[in-house]
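[1] this one's sequence-less:
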């Protein structure tokens, strides 16, 4: 009896080991384009939104079209996360510009303005 149970457990573990790689292959995901910098993220965001718009103009939308959109969303999600991460401080920097413009410190205004524009100009395309 012990040998039978042991053999069944061994067989179950071995078959599970063979099934795991197959299951992992069935749930494959697309590799997104990297968005390591804000500039790269904005470029990916603009380019992949154009691609998305092109696909959405097709009529009818086929299963292949939907898969193409699915693939694009991986890069768009990564790009948007980087944009949100990097630009989340932008309102704080703009407030610094606002506060500096009310004071009597041109150097502070120049520094804050330069910091703000350094980030904001990446969006000015």
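    Great, that's in hand. The shown structure was predicted, so the numbers you read here are calculated from the model rather than taken from an experiment. Numbers count the residues shown, from 1 in each chain.
[2] any idea how this structure splits into domains?
    1-30, 31-123 (automatic domain parsing).
[3] Lowest average pLDDT across the ones you listed?
    Lowest mean pLDDT within the domains of the chain: domain 1-30, at a mean of 46.
[4] State the distance from residue 121 to residue 38.
    From residue 121 over to residue 38 the distance is 11 Å, taken as CB to CB, to the nearest Å. (Each C-beta comes from the backbone N, C-alpha and C, glycine too.)
[5] and what of residue 74?
    With the distance defined as CB to CB, residue 74 ends up 19 Å from residue 38.
[6] Of all the residues in stretch 78-96, which ones are buried?
    Of all the residues in stretch 78-96, those buried under the rule 16 or more other CB atoms under 10 Å are 78-80, 82-83, 86-87, 93-94, 96.
[7] tell me the helices in the protein, going along the chain?
    When secondary structure is read from DSSP state H, the chain shows helices at 2-26, 38-56, 63-87, 90-102, 106-120.
[8] Let's have the ones you listed in a markdown table, adding distance to residue 32.
    Written out in a markdown table, the entries for the helices of the chain read as follows (distance: least, CB to CB, whole Å):
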| stretch | distance to residue 32 |
| --- | --- |
| helix 2-26 | 18 |
| helix 38-56 | 8 |
| helix 63-87 | 4 |
| helix 90-102 | 24 |
| helix 106-120 | 23 |
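[9] now the residue nearest to the spatial centre of the chain: how far from residue 54?
    For the chain, the residue sitting closest to the mean C-alpha position, by CA atoms, centre = their mean, is residue 78 at 0.7 Å. Counting by CB to CB, the gap between residue 78 and residue 54 amounts to 20 Å.
[10] same question, residue 108
    In this structure, residue 108 lies at 46 Å from residue 54, with CB to CB as the measure.
[11] do residue 90 as well
    Separation of residue 90 from residue 54 (CB to CB) stands at 30 Å.
[12] Quick check: residue 75 vs residue 110, distance?
    Distance from residue 75 to residue 110, counting by CB to CB: 37 Å.
[13] Alright, I will stop here.
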